[in-house]
Structure formats: C-alpha cells, structure tokens
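Trainee: structure here, sequence nowhere to be found:
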DNA sequence: TCGCGGTATCAATGGACGTCGATATGTGCC
DNA sequence: GGCACATATCGACGTCCATTGATACCGCGA
C-alpha cells in the first residue's frame, strides 16, 4: 500500500508524477456521507418536496401519506430518518405532527458539495 | 390510502385542513436519489476531494489508492460508480487513468437540493 | 372514561451495497 | 514476445436498509 513518495507542501508526489493533496479526513467524510444518505432516497425527496412547496414551508404527516406510494409506517420511518439527520424539525399540534425544513443544515450540505 | 379530499389549484385539501402540492414525480425522485446515492459514501467523498483539490482539478488513480484506507479494487469500484453516475470523466493516458469532475452534473445536484 | 383518528414502534423479510482476494485486461518498455 | 506495472472485473461474503402488517401510543371529543 505504501510507496516511495516524497512529501511536498501541496501534498505528496505519486508514481504518475503529480502531487495530490491529503484527502478529506475519514471522520468528516463519514459525517457528510451520513447527511447525503439521508437525502438519497426517492420517497424522502418526495416528502421534502411536499414540505418545501407547502404554505409556510411546513406540512403535516397527513399531507404526505396520501401523496406517496408507500404505507403509513414507511412514511413515518422516513420522516424519522430525516429528523435524526437534522434535516427536518418535528412539532406536535394536537393530533397532527408537523414538519419543517432545517434550512441551515441543507445549506451546509450545499456548501460541502464538490464542484 | 385514498381519502375524501378536494382538489384545488395549489394542490389537495387534506384532513388536517392544509393544502399540499403534488409531490415530486416518482421517476424524477428516483433519478435524483440515484445521483445523491453516488455521492453518499465516505470513500467516494474522499476521492472527489482529492480530485477537486488537485492541480487542474484532475487526478489519476495512483493519486488516490495511497490516500484512502481501502484496497485498490475498492477504489476502482467507487470510481466506476462515480463515472456511471456522470459525476466523473475517465481518461486514459498511457498506463494511468485520469479523472476529472463533471461540474455541470454537480451543479445540477446543487440546484435540485431542497432548502 | 371510552372510543376514535392520527402517528409511532416493532419484528421480519428481501434486496442492495461495500469490501476484499484472486484474476483478467491493458499499456509501455526492453 | 515477454516482463513489469497500473487498472479493471469477478465472485463471494457480511452488513445495512427499505418496506410491510400488526400493534402500541397519543391527543381529542363525546
């Protein structure tokens, strides 16, 4: 795995002749991957789109169970994933549970995205 | 699953009294989820960071195998995933394979991200 | 307090994915 | 051609995850 490379200010000289920088730290990479994994599901993207396009940028569960082609426990599961990732906030109003986006967390994702 | 709701211009009236818009279409949601899934891996984020921070925003495989804590076939697998997702371009130069970002595809992801 | 509608949890299952060693392909050099 | 090196493919294994029916929890009105 390790080879005879020379360290420079910019990084490390590699066999092919270029200098490559040190990679993103493993811990930070895992943290970012967990955030993206929370987004990387068709149903969750649909749920987020319903919330984003709703009045006041918030929606209750009953706004979503009828609009997505999965059973109610599945919707509840996906909403929990999004809340635990910090992408949504849950608020209880009487019988209904309302959700709104955490725009700061979403901005953070946009910020560390490559490109 | 279906309930007695009234359709309006903005969307559909739901039991809790709000009007929710139609969700993101299933096909498009699946397409976007596939793109995000390609990003949602710690090793792939590290590979992308090496490429992005390299001179000319491109790197060869040997720039990466030494910097990521996985075996060479695993690096090759992840690079293939990124290429097939349209996030990377592969170019062969002699013995070495070089990769560069598809900034347009990455911009597209940033564009459809919620928030 | 009882029943009811809305929401969350649980356990089980099937499929997708990351990882690796072994091996194949491919490229340049002698 | 034959060797050495760089990269890609293959097969197998273990783990994680989405989905579901059944069921428990919760808040409200009668």
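Mentor: Thanks, I have it. Predicted model, so just to flag it, every value in this text is computed and none were measured.
Trainee: okay, and residue A:97 sits in which element?
Mentor: Here residue A:97, judged by DSSP states H and E, is contained in strand A:96-101.
Trainee: that strand near DNA strand D at all?
Mentor: No: figure legend: strand A:96-101 not in contact with DNA strand D (CB under 7 Å from any atom of the strand); closest approach 8.9 Å. From N, CA and C alone the C-beta is placed, and that goes for glycine too.
Trainee: show me what that strand pairs with in its sheet, parallel or antiparallel.
Mentor: Strand A:96-101 sits in its sheet next to strand A:58-60 (antiparallel), strand A:88-93 (antiparallel), going by DSSP bridges.
Trainee: after that strand, next one along is what?
Mentor: helix A:103-112.
Trainee: which other helices and strands contact that following helix?
Mentor: Other helices and strands packing on helix A:103-112, by 3 or more CB pairs under 8 Å, 6 or more residues apart in numbering or on different chains; DSSP states H and E, are helix A:26-39.
Trainee: coming back round to it: now the strands paired with strand A:96-101 in CSV, with mean pLDDT, mean neighbour count and distance to residue A:14?
Mentor: Shown next, in CSV, are the strands paired with strand A:96-101 (pLDDT from 0 to 100; neighbours: other CB atoms under 10 Å in any protein chain shown; distance: least, CB to CB, whole Å):
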stretch, mean pLDDT, mean neighbour count, distance to residue A:14
strand A:58-60, 93, 23, 50
strand A:88-93, 95, 13, 42
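Trainee: which one of the ones you listed lies closest to DNA strand C?
Mentor: strand A:58-60 (4.5 Å; CB to the nearest atom of the strand).
Trainee: quick one: low-confidence parts of chain A?
Mentor: Residues of chain A that meet the criterion pLDDT under 70 lie in A:1-13.
Trainee: ok, the residue found closest to residue A:59 once you drop the neighbours it is linked to in the chain - contacts?
Mentor: Nearest residue to residue A:59, sequence neighbours excluded (CB to CB, 6 or more residues apart in numbering or on different chains): residue A:51, at 4.6 Å. By CB atoms under 8 Å, 6 or more residues apart in numbering or on different chains, residue A:51 lies in contact with A:57-59, A:88, A:99-101, B:114.
Trainee: hang on, residue A:91 packs against residue A:61?
Mentor: No: because the distance of 11.5 Å does not satisfy CB atoms under 8 Å, residue A:91 is recorded as not touching residue A:61.
Trainee: mutual contacts of the two, please.
Mentor: In contact with both residue A:91 and residue A:61: A:97, A:99, using CB under 8 Å, 6+ apart.
Trainee: how about the residues of chain A near DNA strand D?
Mentor: Going by CB under 7 Å from any atom of the strand, the residues of chain A near DNA strand D are A:15-16, A:37, A:41-43, A:70-71, A:73-74, A:77-78, A:81, A:92, A:94-95.
Trainee: what's the farthest-apart pair in those residues?
Mentor: A:15 and A:94 (65.2 Å; CB to CB).
Trainee: pick out whichever of those two has more residues nearby.
Mentor: residue A:15 (16 against 8; other CB atoms under 10 Å in any protein chain shown).
Trainee: excluding covalently adjacent residues, which one is nearest to the more buried one?
Mentor: residue B:62 (4.8 Å).
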